[in-house]
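>>> give the three-dimensional model of this entry:
(2 chains)
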Amino acid sequence: MSPLAGHRYAVGSMPDTRTIQAHLAGLIDQAARAAVANGDLPDVALPEPSIDRPKDAANGDFASALPMRLARAAMKPPLEVARAIASHIPADATIDPPEVAPPGFINLRLSNAFIQEQVEHVIREGAAYADLGLGKGKKAQVEFVSANPTGPLHVGNGRGAAIGDALAAVLGAAGYEVSREYYVNDAGTQADTFTDTLYARYQQLFGRSVEIPKDGYPGEYMVDLAKALRERASDGYLRPEGEAAPKELGPAGIELMLQSIRAALDSFGVHYDTWYSERSLYESGGAYDTAMRILREKGLLADREGALWFSSSELGEDKDNVVVRSDGHPTYYASDIAYHWDKFIRRGYDLVVDVWGADHHGHVSRLKTATGAVGADPEALHILLYQLVFLKRSGEAVKLSKRAGELVTLSELISDVGADAAKFFFLLRSPGAQMDFDLDLAVKQSAENPVFYVQYAHARLCSILERAREQGITPDGGDVSLLTQPAELALVREMMRLTDVIEVVASSLEPQQLPHYAMSLANAFHAFNDSFKQANDPSLKVITEDTALSAARLRLVLAARIALARVLGLMGMSAPERM
RNA sequence: GCCCCCGUAGCUCAGCGGAUAGAGUGUCGGCCUCCGGAGCCGAAGGCACAGGUUCGAGUCCUGUCGGGGGUACCA
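Coordinates of the predicted model:
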């Protein structure tokens, strides 16, 4: 993000879309120094010049507010400071002559030559267009969904899936070596409760009058699961009445549940590199043993009231927390400490993103503290909380709860509104904002979801290229300097923004800019394409009798397709060639 | 009680200290004999409230009100 102050480019080697802002910041910085040296400005401390994008295109492509920040120290009106700096901006091939505007902006407009050159840049980069080097040489992991395998994924999990998958893709584009991980909670109390419920349902199938546990899972899917096990093993899991469930029942049930979770994510287009078993943390000499040993050696574990406590209050937490319950079972917290030791220390990730539902909020601070205590850098752990999804059916609130047994599954959502539309819908909202999800409305809106607007633009770009090919015209050899129409240049400008978007998303870890940008890019294309139509002039089309101009415009179409396909890909959506 | 997130257009949401606060959808009005109208252009309509910081606040700080979450030897 930091501008390369004083960065120079040799003649003939223009900066590309990745570095134009740094280049412009360098020009401003250089000009400000020259103004000081020349006596046009008093010798004041110069902050790093920031480069903004004006909201209104009339104010140029980029602007600097530096004069307003210098005005007080320089004891001059901001507009005068702006003029002083602007007059020292050197002639540069990337920009037209700068302008100053009240109350004290320096406005910069990109030259047509520079903009045209970006079309070649995009085509050259191809599928890697807008890749950044931010995370070069660094390993990142995004862990998301990680829902307990005690029930099917619900709509809320879908939000986590869409967010996590898009973040992983963007981090990859930003240069990180990225791994997607699902943490399988196959140990602990909820797994036990799951087993107890499953065994009760299983016994019921054989005519025994057994109740499911009071804190068990009442959902109908548990009956289906029991039936599946009966089909597979007949009465093989049955034990004499009154006895506990056989050891193999739990894992068998969890495996079945995981299969359905995997299938749902698969149909959502989300694929993982690693499915990490919580139980594996407890192998002898494994992550759990190691992490607890580290805490013990640091004197951070204390036996009290029959349980083992992590002395987190010594590290600034509100209170101590139990890591091993008085019944001898480790808590979820203990698992997570071991798991994060494993992520950072054993596997060596430089950046870890945990995508959690906001109901885990209370766990954030103490996990960061514990992560530091086992020897990792808590700053490298980013916990992204997404607010819960409030389900509605025709205005009526539906609470998401596996335990209540009432839920709307991700699979149902996918078959009702489609994976691409659902993802787009989830990604549009910032993770921190609660969202209402009216299922009836979603089904109705799926046909007019903005995702189709974006995909439609891609399909049209493809069909223009196809139509040209049929007429024997290709983008090859097109001269981009022929692209001078406002709508053409506007489309390139929009394509150039993708690098900004990736940088912002990768550093903020909030993906909502992706769908907004995608709509904006699609709109720039539609406006470009329609401008020819509205003009009702046959020379104003992509494919015209002027083959040189046609080839140039086809290069633009090709580049636009590349950019649009890229952003669709980052969101985990398909880029259809026809619809 | 204490802690955290969120209150922006009729509805669903962007906006991350800069110029006249944007988009989708909905409403109203225009535009194509078109390389795909699942399109383009325009209009109406809004920062919960009260202070503060700043040259500049939807954005940062404090408080009030409203919605949600957390505050377990559940996860």
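
>>> all helices of the stretch 1-150 of chain A, in order?
A:20-38, A:66-74, A:78-86, A:112-125 (DSSP state H, counting those that start in this stretch).

>>> then the stretch 451-579 of chain A?
Using DSSP H, counting those that start in this stretch, the helices of the stretch 451-579 of chain A run over A:486-496, A:498-508, A:513-535, A:547-570.

>>> for RNA strand B, what is the nearest residue in the stretch 351-500 of chain A?
Across the stretch 351-500 of chain A, the shortest distance to RNA strand B (Cβ to the nearest atom of the strand) belongs to A:Gly362, at 2.2 Å. Using the backbone N, CA and C atoms, a C-beta is placed for each residue, glycine as well.

>>> count the neighbours of that residue for me.
Residues near A:Gly362, counting by other Cβ atoms under 10 Å, number 8.

>>> check the gap between it and A:Gly188 for me.
Here A:Gly362 is placed at a distance of 17 Å from A:Gly188 (Cβ to Cβ, to the nearest Å).

>>> A:Ala86: what's it in contact with?
By Cβ atoms under 8 Å, 6 or more residues apart in numbering, the contact set of A:Ala86 is A:Ala31, A:Pro98, A:Glu99, A:Val100, A:Ile106.

>>> 7 Å - rerun?
Going by Cβ atoms under 7 Å, 6 or more residues apart in numbering, A:Ala86 touches A:Pro98, A:Val100, A:Ile106.

>>> swap in A:Arg279?
A:Asp186, A:Ala187.

>>> surely A:Asp479 and A:Ala552 touch.
Yes. Using Cβ atoms under 7 Å, A:Asp479 makes contact with A:Ala552 at a distance of 5.3 Å.

>>> who has more neighbours, the two?
Each of A:Asp479 and A:Ala552 has its neighbours counted (other Cβ under 10 Å); A:Ala552 has more, 24 against 12.

>>> tell me the pLDDT of the more buried one.
A:Ala552 is assigned a pLDDT of 94 by the prediction.

>>> A:Tyr217 now?
pLDDT, A:Tyr217: 89.

>>> can you pull the domain assignment for chain A?
A:20-110, A:139-187+A:270-445, A:449-570 (automatic domain parsing).

>>> any chance of JSON lines for those, columns distance to A:Ala233?
Shown next, in JSON lines, are the domains of chain A (distance: least, Cβ to Cβ, whole Å):
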{"stretch": "domain A:20-110", "distance to A:Ala233": "63"}
{"stretch": "domain A:139-187+A:270-445", "distance to A:Ala233": "19"}
{"stretch": "domain A:449-570", "distance to A:Ala233": "43"}
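
>>> A:Ser234: which of the ones you listed is closest?
domain A:139-187+A:270-445 (23.7 Å; Cβ to Cβ).

>>> just give the nearest non-adjacent residue to A:Pro149, would you?
A:Met257 (4.3 Å; Cβ to Cβ, 6 or more residues apart in numbering).

>>> over to A:Leu110?
A:Asp61 (4.7 Å).

>>> and that neighbour, how many neighbours?
By the criterion of other Cβ under 10 Å, A:Asp61 has 23 neighbours.

>>> likewise for A:Phe426?
27.

>>> over to the one 10 residues further on?
Counted by other Cβ under 10 Å, the residues lying close to A:Asp436 total 12.

>>> what is the three-state secondary structure of it?
strand (DSSP: H, G, I helix; E, B strand; the rest coil).

>>> A:Met257 now?
helix.

>>> hmm, it is touching A:Leu153, no?
No. If you go by Cβ under 7 Å, A:Met257 and A:Leu153 don't touch, sitting 10.0 Å apart.

>>> pLDDT weak spots in chain A?
By pLDDT under 70, the low-scoring segments of chain A are A:1-13, A:393-407, A:536.

>>> which residue is nearest the middle of it?
Centroid-nearest residue in chain A: A:Leu167, 2.4 Å away (criterion: Cα atoms, centre = their mean).

>>> RNA strand B contacts on the stretch 1-150 of chain A?
A:52, A:54-56, A:58-60, A:63, A:65, A:68-69, A:71-72, A:78, A:101, A:103-105, A:107, A:148 (Cβ under 7 Å from any atom of the strand).

>>> in ChimeraX, select just the buried ones from those.
To isolate the buried ones among these in ChimeraX, judged by 16 or more other Cβ atoms under 10 Å, type:
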select /A:59,60,63,65,68,69,71,78,104,105,107,148
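
>>> the residues of the stretch 1-150 of chain A next to RNA strand B in strands, which ones?
Judged by DSSP state E, strands contain the following of these: A:Ala63, A:Ala101, A:Phe105, A:Asn107.

>>> from those residues, which is closest to A:Ala457?
Nearest member of those to A:Ala457, counting by Cβ to Cβ, is A:Ala63, at 28.8 Å.

>>> how close does the closest one sit to A:Phe206?
The spacing between A:Ala63 and A:Phe206, counted by Cβ to Cβ, is 75 Å.

>>> now do A:Leu308
Separation of A:Leu308 from A:Phe206 (Cβ to Cβ) stands at 40 Å.

>>> of the two, which one has the most company?
A:Leu308 (21 against 14).

>>> touching, the more buried one and A:Val323? I think so.
Yes. Taking Cβ under 7 Å as the definition, A:Leu308 is a contact partner of A:Val323 at 5.3 Å.

>>> can you pull out the strands in chain A?
For chain A, the strands defined by DSSP E cover A:62-64, A:99-101, A:105-108, A:139-143, A:177-184, A:274-277, A:301-304, A:307-310, A:321-324, A:351-357, A:381-386, A:389-393, A:396-398, A:435-438.

>>> mind listing residues that contact the first one?
Pointing back at strand A:62-64 there. Counting by Cβ under 7 Å, 6+ apart, A:21, A:24, A:28, A:49-54, A:105-108 sit against strand A:62-64.

>>> centre of the chain to it, how far?
Relative to the centre of its chain, strand A:62-64 is centred 28 Å away, using Cα atoms, centre = their mean, to the nearest Å.

>>> and the stretch 451-579 of chain A, which residues reach RNA strand B?
Counting by Cβ under 7 Å from any atom of the strand, the stretch 451-579 of chain A sits next to RNA strand B at A:452-453, A:456, A:459-460, A:462-464, A:467-468, A:508, A:510, A:512-513, A:516, A:519, A:522-523, A:526-527, A:529-534, A:536, A:541-543, A:576-579.

>>> how about stretch A:530-541: buried residues?
Buried, per 16+ other Cβ under 10 Å, within stretch A:530-541: A:Ser531, A:Phe532, A:Leu540, A:Lys541.

>>> quick one, what contacts the first one?
Yep, that's A:Ser531 we're talking about. For A:Ser531, the residues meeting the contact criterion (Cβ under 7 Å, 6+ apart) are A:Ala487.

>>> and if we set it to 8 Å?
By Cβ under 8 Å, 6+ apart, the residues touching A:Ser531 are A:Gln485, A:Pro486, A:Ala487, A:Leu540.

>>> pretty sure the last one contacts A:Gln534?
No. Between A:Leu540 and A:Gln534 there is no contact under Cβ atoms under 8 Å: 9.0 Å.

>>> overlap of the contact sets of these two?
Counting by Cβ under 8 Å, 6+ apart, A:Leu540 and A:Gln534 have no contacts in common.

>>> is it possible to get JSON lines of the helices of the stretch 1-150 of chain A that adds distance to A:Gly418?
Shown next, in JSON lines, are the helices of the stretch 1-150 of chain A (distance: least, Cβ to Cβ, whole Å):
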{"stretch": "helix A:20-38", "distance to A:Gly418": "37"}
{"stretch": "helix A:66-74", "distance to A:Gly418": "47"}
{"stretch": "helix A:78-86", "distance to A:Gly418": "51"}
{"stretch": "helix A:112-125", "distance to A:Gly418": "29"}
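
>>> appreciated, that's everything.
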